[in-house]
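1. Could you work out the structure for the sequence below:
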Amino acid sequence: ESHKAPKEAKEAKEEKGTVGAAAQKETYEEFTERVKNSMSDDASRHEIFSAHRDAWLEMLQWQQVSGCPAQMMDKDVANGQALDSIPHVLSAAVCQRLCTERAGCDASAWGGVRHRPGLTNVCFLKSTNGPARFKDNPGVVASMACCRAGEDTKCPELVRDADLHTDDSLPPQPGVGSVGECQQLCTKNPRCNAFTWGADRNTPGLTDVCFMKTIAEGNAPRVLEKPGVVSGLPCGCRAPVEHALWPQNEVELFKMPEPGSPQPAEVGSAYCVILMRPYTYEASLLQLQFNQRKGVFACPGYDVFSNQEMILADGLKTKKIRSSQMCEVGGEFKTALNLRIFAAFWKEVFTRKDYMNYNWLVKADADTVFFYHRLPGLLQEYEDRASSPSGEGVYFNNCKFGMHGPLEVFSQNAILALQGHFKDCYFYFRKLCSGDCHWGEDLWVDQCLKRRANETISRVNKYGLLEEQHCDPEEDWDSCENPHKVAFHPFKSESSWQRCMQHAGG
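-> Residues are numbered from 1 along each chain as shown. A predicted model of the protein is given here:
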């Protein structure tokens, strides 16, 4: 049975600022709908949005320094003693934090299912008196507690291809064979607040060197792009939230790792990626697709990215990006101004370099019904420009009004060009628009490649790729019966997505 937390405990939590008040009151989707229908002026809406975003950012940065284990979708805690049940908790992340900050709490379960009194948005805290066990429970998200002081086995997240600028350094330690060993050296040294390890091979003065660093009280490390190194913070929950390895400004967000050289891969091979908003319908849609190995999960390679590390199903864990995944609506086309969200997404894709093992990269939305087996036939005539040493590449415009985001298809060389021009395009468009152009990611990426990489990258119109509600679709487009379309969008419920897939013969 759910019940409210004691008044004193609730007031103490608010006073400590452990969970931002705005993030506690409503989900982002509820918040977005409220602001959209509000009669407030634009300035007031922006102020409300900023407060909500800042509260969520603090939560994300706390997670980063706290070594939080992955959340488990559709799982419940099967053993132990109930400590408390707290209503009005709007995410599993907040529930996991409440468990971490509660003495004796080992695991938590959060009711993510909608419209279930006594379960929806209730956080259940448990003491397991030993290893936690988990059982299936649809609509519930289970988590282990994050790091507590002195728990040296739990370590903050690492950041690849990034150096840290701090106040001072300790003597470099050569001969350190792994980033984990470097992190442990930092953990054991009470003066070490952060570290960078040389992952690059055969580079004297860098390879296998552990650079331990100090940070003065009240200061924060600055994250700088640098290939061939990995940076992090000490284990044992020593790092305060202010030390979170987070982009400090927009220039750092848009500065990407330097691209490498093309690596020819198998003809028709594709790496398919999705950026998922946690705690929304997108998670259950992706579960459905993964269990059927449909959509992006029919591709030779795939990954799901999110600002939460979540186990969506056995064999499917999200990869984290550093972003609130919150944006406002605006601009000429009144669309989601999601460019900065996707800058964080692309930074993670570029840093991981998995796309280099494939000739093509496909970015899809969770509510896109995508048929991978229809794609190679359309790509065949362009394979010579997919990953050739010449650097020539291609990407496809899927709509007569300009490229739309539900299905973006790039050759490997086009992605290398986008990576190389990302920061250049940021400054170019800031100058062109005398500030922010107020574009979404799809328009920005399209224009970046079209204007700055057009000497080597071709933009090819392929309107057969996508049948989309917002691109003057044919009559009965949502029957999904056109066998020549590679994808249809949008289908936001499991039943509508499944119906489209079945009508198309998938």
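
2. list the helices and strands the stretch of helix or strand Q287 belongs to packs on?
-> For Q287, the host element (DSSP states H and E) is helix 281-292. Where contact means 3 or more CB pairs under 8 Å, 6 or more residues apart in numbering; DSSP states H and E, helix 281-292 is packed against strand 71-77, strand 310-313, strand 316-317, helix 494-503. (Each C-beta comes from the backbone N, C-alpha and C, glycine too.)

3. okay, these, which one's buried deepest?
-> Across the helices and strands packed on helix 281-292, averaging neighbours per residue (mean count of other CB atoms under 10 Å) puts strand 71-77 on top, at a mean of 23.

4. So which residues of this structure form helices?
-> Assigned by DSSP state H, the chain shows helices spanning 7-16, 21-25, 28-36, 42-65, 92-100, 179-188, 250-254, 281-292, 339-352, 375-379, 412-432, 441-452, 494-503.

5. Dump those into JSON lines; add mean pLDDT as well.
-> What follows is the helices of the chain, written out as JSON lines (pLDDT from 0 to 100):
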{"stretch": "helix 7-16", "mean pLDDT": "38"}
{"stretch": "helix 21-25", "mean pLDDT": "44"}
{"stretch": "helix 28-36", "mean pLDDT": "57"}
{"stretch": "helix 42-65", "mean pLDDT": "87"}
{"stretch": "helix 92-100", "mean pLDDT": "97"}
{"stretch": "helix 179-188", "mean pLDDT": "97"}
{"stretch": "helix 250-254", "mean pLDDT": "92"}
{"stretch": "helix 281-292", "mean pLDDT": "97"}
{"stretch": "helix 339-352", "mean pLDDT": "96"}
{"stretch": "helix 375-379", "mean pLDDT": "95"}
{"stretch": "helix 412-432", "mean pLDDT": "97"}
{"stretch": "helix 441-452", "mean pLDDT": "97"}
{"stretch": "helix 494-503", "mean pLDDT": "97"}
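
6. I'd like the helices and strands packed on helix 281-292 laid out as TSV, including distance to R385.
-> Output for the helices and strands packed on helix 281-292, formatted as TSV (distance: least, CB to CB, whole Å):
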stretch	distance to R385
strand 71-77	40
strand 310-313	35
strand 316-317	32
helix 494-503	31
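
7. Mind checking those for the one nearest to Q412?
-> strand 316-317 (24.2 Å; CB to CB).

8. now that closest one: mean pLDDT?
-> Strand 316-317 shows a mean pLDDT of 98 in the predicted model.

9. Could you tell me which strands sit next to that strand in the sheet, and their orientation?
-> Here strand 316-317 is paired, per DSSP bridges, with strand 310-313 (antiparallel).

10. ok, Q63 - contacts?
-> If you count contacts by CB atoms under 8 Å, 6 or more residues apart in numbering, Q63 has them with A93, R97, C146.

11. same thing but at 7 Å, please
-> A93 (CB atoms under 7 Å, 6 or more residues apart in numbering).

12. May I see the buried residues of the helix holding Q287?
-> The neighbour-count check on helix 281-292 (16 or more other CB atoms under 10 Å) flags Y281, E282, A283, S284, L285, L286, Q287, L288, Q289, F290 as buried.

13. In TSV, list these along with distance to K126.
-> Shown next, in TSV, are the buried residues of helix 281-292 (distance: CB to CB, whole Å):
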residue	distance to K126
Y281	27
E282	28
A283	23
S284	24
L285	29
L286	27
Q287	24
L288	29
Q289	31
F290	28
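
14. Could you single out the nearest of those residues to R452?
-> E282 (31.3 Å).

15. Verify the stated contact: the closest one with A364.
-> No: E282 is beyond contact range of A364, at 11.4 Å (criterion: CB atoms under 7 Å).

16. low pLDDT regions in the stretch 101-250 of the chain?
-> Along the stretch 101-250 of the chain, segments meeting pLDDT under 70 are nowhere present.

17. Let's see the pLDDT reported for N357.
-> What the model reports as pLDDT for N357 is 98.

18. what's near enough to touch it?
-> N357 makes contacts with A265, Y271, G301, as judged by CB under 7 Å, 6+ apart.

19. There's contact between A220 and E242 in this structure, I believe.
-> Yes: in this structure, A220 is within contact of E242 by CB under 7 Å, at 5.1 Å.

20. Which strand residues bridge the residue nearest the centre of the chain?
-> Closest to where the C-alpha atoms of the chain average out (CA atoms, centre = their mean) is S306, at 2.7 Å. Per DSSP bridges, the residues bridged to S306 are K320.

21. out of the contacts of N357, who has the most neighbours?
-> In terms of neighbours by other CB atoms under 10 Å, the contacts of N357 top out with Y271 at 25 neighbours.

22. quick one on the thing from earlier: right, and the helices and strands packed on helix 281-292 - which one's nearest C237?
-> strand 71-77 (18.5 Å).

23. Starting from that closest one, tell me which strands it pairs with and how they run.
-> strand 134-144 (antiparallel), strand 310-313 (parallel).

24. And that strand, how far out from the chain middle?
-> 20 Å (CA atoms, centre = their mean, to the nearest Å).

25. quick one: average pLDDT of it?
-> Mean predicted confidence for strand 71-77 is 98.

26. what comes into contact with that strand?
-> With CB under 7 Å, 6+ apart, strand 71-77 has contacts from 92, 96, 107, 109, 126, 132, 134-143, 283, 308, 310-312.

27. mind checking how far H88 is from W110?
-> Distance of H88 to W110, given as CB to CB, to the nearest Å: 12 Å.

28. Same drill for the two, tell me which one is more crowded.
-> Neighbour totals were compared for H88 and W110, and W110 leads with 30 against 16 (other CB under 10 Å).

29. Just list the residues touching that one, thanks.
-> Contacts of W110 by CB under 7 Å, 6+ apart are V89, A92, C95, C123, V140, V141.

30. In JSON lines, list these along with distance to P376 and neighbour count.
-> JSON lines is the format used below for the contacts of W110 (distance: CB to CB, whole Å; neighbours: other CB atoms under 10 Å):
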{"residue": "V89", "distance to P376": "46", "neighbour count": "24"}
{"residue": "A92", "distance to P376": "38", "neighbour count": "25"}
{"residue": "C95", "distance to P376": "43", "neighbour count": "27"}
{"residue": "C123", "distance to P376": "46", "neighbour count": "26"}
{"residue": "V140", "distance to P376": "39", "neighbour count": "23"}
{"residue": "V141", "distance to P376": "37", "neighbour count": "28"}
